[in-house]
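# Structure, please.
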Amino acid sequence: MAEPAISGTVVERRDATRERLLKAARELFVARGYHATRPQDIAKLAGLGQGTFYLYFADKKACFIAFVVQARLELQHYVQARAFGVVGLEAFFTAQIGASLDFSAEHPGLLRAAMADVSTIATDVPDLTQTWAGEWARMVSNTIQRGVLDASYDPEIAGALLLGTIGGAVAAANRGAPRDKVIANTVRFLIRALQPQR
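Model (predicted):
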């Protein structure tokens, strides 16, 4: 005899409960950090019983991994939407950095929490900074092949440097530097560093 199908309503309710837990986890990870956040605090903030937390996440680490993945996808979609169809290196960097600054301003503390040194949590947690550095490395490699960037760069190193530069731009803006000035200085710095020497 076949198992009865799970109704769409049950699935939607499960998804909604998981999202409530993730929303609460996000708030607490941003406000307190990983180590000061407990599963029971997440469940309580979500308005659920502590046992419900464990129906969706094996432990706090699993919840943190879900939080990091969600933060990465949010930023990725946000930046891609702003940089879509942009032509030219200067315009591309301007769109990328502007989007990163705006995302950080709209979601205070989110990137700092999601980019925590995850090696202190567990080795199997995806390291957001390494993921982004790898994405930048692929972009650098593709752009070098098209002759747009200096071919003497190692893409892996340049990718990590780009990530650090953008992180520095976000930090400068968070300290109160004017947005337009942060973008202009960062873009000028990157263009001069990365363009082939004529």
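# Which of the three states applies to residue 87?
coil (DSSP: H, G, I helix; E, B strand; the rest coil).
# okay, now it: neighbour count?
As a burial measure, residue 87 scores 7 neighbours (other CB atoms under 10 Å). For the C-beta atoms, the positions are set from N, CA and C on the backbone; glycine is no exception.
# do residue 166 as well
Neighbours around residue 166, by other CB under 10 Å: 21.
# thinking it is in contact with residue 99, fair?
No - in this structure, residue 166 is not within contact of residue 99 by CB atoms under 8 Å, at 10.0 Å.
# Which pLDDT value belongs to the nearest residue to residue 109 once chain neighbours are set aside?
In space, and not counting its chain neighbours, residue 109 is closest to residue 30: 4.2 Å by CB to CB, 6 or more residues apart in numbering. On pLDDT, residue 30 comes in at 95.
# In terms of helices and strands, where is the residue nearest in space to the middle of the chain?
Against the mean C-alpha coordinate of the chain, by CA atoms, centre = their mean, the closest residue is residue 72 at 3.1 Å. Taking DSSP states H and E as the criterion, residue 72 maps to helix 60-83.
# Pull out the buried positions in that helix.
Neighbour counts over helix 60-83 (16 or more other CB atoms under 10 Å) mark 60, 63-72, 74-75, 78-79, 82-83 as buried.
# Then stretch 138-150?
Neighbour counts over stretch 138-150 (16+ other CB under 10 Å) mark 139, 140, 141, 143, 144, 148, 149 as buried.
# now stretch 163-174
If you call a residue buried by 16+ other CB under 10 Å, then stretch 163-174 has these buried ones: 163, 165, 166, 167, 169, 170, 172, 173, 174.
# Alpha carbons only: can I get that stretch in PDB?
This file holds the C-alpha atoms of stretch 163-174, laid out as PDB (Å, rounded to 0.1, in the frame of the first residue of the first chain):
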ATOM      1  CA  LEU A 163      37.800  40.200  -1.500                       C
ATOM      2  CA  GLY A 164      40.000  41.900   1.100                       C
ATOM      3  CA  THR A 165      39.800  45.300  -0.800                       C
ATOM      4  CA  ILE A 166      36.000  45.100  -0.900                       C
ATOM      5  CA  GLY A 167      35.900  44.100   2.700                       C
ATOM      6  CA  GLY A 168      38.100  47.200   3.500                       C
ATOM      7  CA  ALA A 169      35.700  49.400   1.500                       C
ATOM      8  CA  VAL A 170      32.700  48.100   3.500                       C
ATOM      9  CA  ALA A 171      34.700  48.700   6.800                       C
ATOM     10  CA  ALA A 172      35.500  52.300   5.700                       C
ATOM     11  CA  ALA A 173      31.900  53.000   4.900                       C
ATOM     12  CA  ASN A 174      30.800  51.400   8.300                       C
END
